[in-house]
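A.B. asks: got a structure for you, letters missing:
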């Protein structure tokens, strides 16, 4: 979803922000306030804004809009894409549980939650719900964004691993979290039933991985 390069109207950009035209608003408020100060957040304003200086930091600024607290320019908002459309712009997920088939009645299953939040981890705007992973199986590639999901410049992510009847005789269990090609390995609790949560920040960018496009692509592997 993009705006034209010329003749940007107040009605047009307000409709992009909130889905409907909002009367009696200042252009600087529409530009500077955070997306999460609107209906998809605290609802301090009646529309969704673009976050140039939202919450006095610009941390949640829309992708490709510059974070600043100076004079606004219409050209700052031309030819921008504000929402994922699951083609060129997307949030993708792929997961693989490589733990061995269990013995002695153990499952070695994991449920994994992948979420995107605002910078304060107050409001979530992307969540997979529960993704069950049986031992030795792959959760196939999936889009976890939709056409009304905003493209925030930075992905403030939270990933939660919940074990289900894990065999404690296994070697230490770990997970590789690959986001747009940057990999970190985290240690999971070796217990039959446990919950491990990890957070971080990753800039939205173009990435040619198991998907090709601009956004955030998560590739998660559980292993020993």
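C.D. replies: Done, it's in. Because the structure is a prediction, the values reported are computed rather than measured.
A.B. asks: next, name the residue at the spatial heart of this structure.
C.D. replies: Centroid-nearest residue in the chain: residue 116, 3.4 Å away (criterion: Cα atoms, centre = their mean).
A.B. asks: got a list of what that one touches?
C.D. replies: By Cβ atoms under 8 Å, 6 or more residues apart in numbering, residue 116 lies in contact with 91, 124-127, 152, 155-158, 216. Placement of C-beta: from N, CA and C, glycine included.
A.B. asks: among these, name the buried ones.
C.D. replies: With burial judged by 16 or more other Cβ atoms under 10 Å, the buried subset of the contacts of residue 116 is 91, 125-126, 152, 155-158, 216.
A.B. asks: just send those residues back as TSV, with pLDDT and distance to residue 70 too.
C.D. replies: Listed next are the buried ones among the contacts of residue 116 as TSV, based on pLDDT from 0 to 100; distance: Cβ to Cβ, whole Å:
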residue	pLDDT	distance to residue 70
91	96	31
125	94	27
126	95	30
152	95	21
155	97	26
156	98	25
157	98	30
158	98	33
216	97	29
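A.B. asks: what is the nearest of those residues to residue 43?
C.D. replies: For those, the closest approach to residue 43 (Cβ to Cβ) belongs to residue 125, at 14.2 Å.
A.B. asks: what residues does that closest one make contact with?
C.D. replies: By Cβ under 8 Å, 6+ apart, the residues touching residue 125 are 40, 116-118, 149-150, 152.
A.B. asks: next one: stretch 72-88 to chain centre, how far?
C.D. replies: 17 Å (Cα atoms, centre = their mean, to the nearest Å).
A.B. asks: tell me which residues of that stretch are tucked away?
C.D. replies: 72, 76-77, 80-86.
A.B. asks: would you format those as TSV with secondary structure and pLDDT included?
C.D. replies: Converted to TSV, these look like this (DSSP: H, G, I helix; E, B strand; the rest coil; pLDDT from 0 to 100):
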residue	secondary structure	pLDDT
72	coil	83
76	helix	85
77	helix	82
80	coil	83
81	strand	85
82	coil	87
83	strand	90
84	coil	93
85	coil	90
86	coil	90
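A.B. asks: could you find the closest non-adjacent residue to the residue in the chain sticking out farthest from the centre?
C.D. replies: Using Cα atoms, centre = their mean, the residue of the chain lying farthest from its centre is residue 104. It sits 38.3 Å away. Excluding its sequence neighbours, the residue lying closest to residue 104 (Cβ to Cβ, 6 or more residues apart in numbering) is residue 167, at 7.0 Å.
A.B. asks: was I right about that neighbour contacting residue 108?
C.D. replies: Yes: with contact defined as Cβ atoms under 8 Å, residue 167 reaches residue 108; the gap is 5.8 Å.
A.B. asks: and the residue farthest from the centre of the chain, how close does it get to residue 198?
C.D. replies: Distance of residue 104 to residue 198, given as Cβ to Cβ, to the nearest Å: 29 Å.
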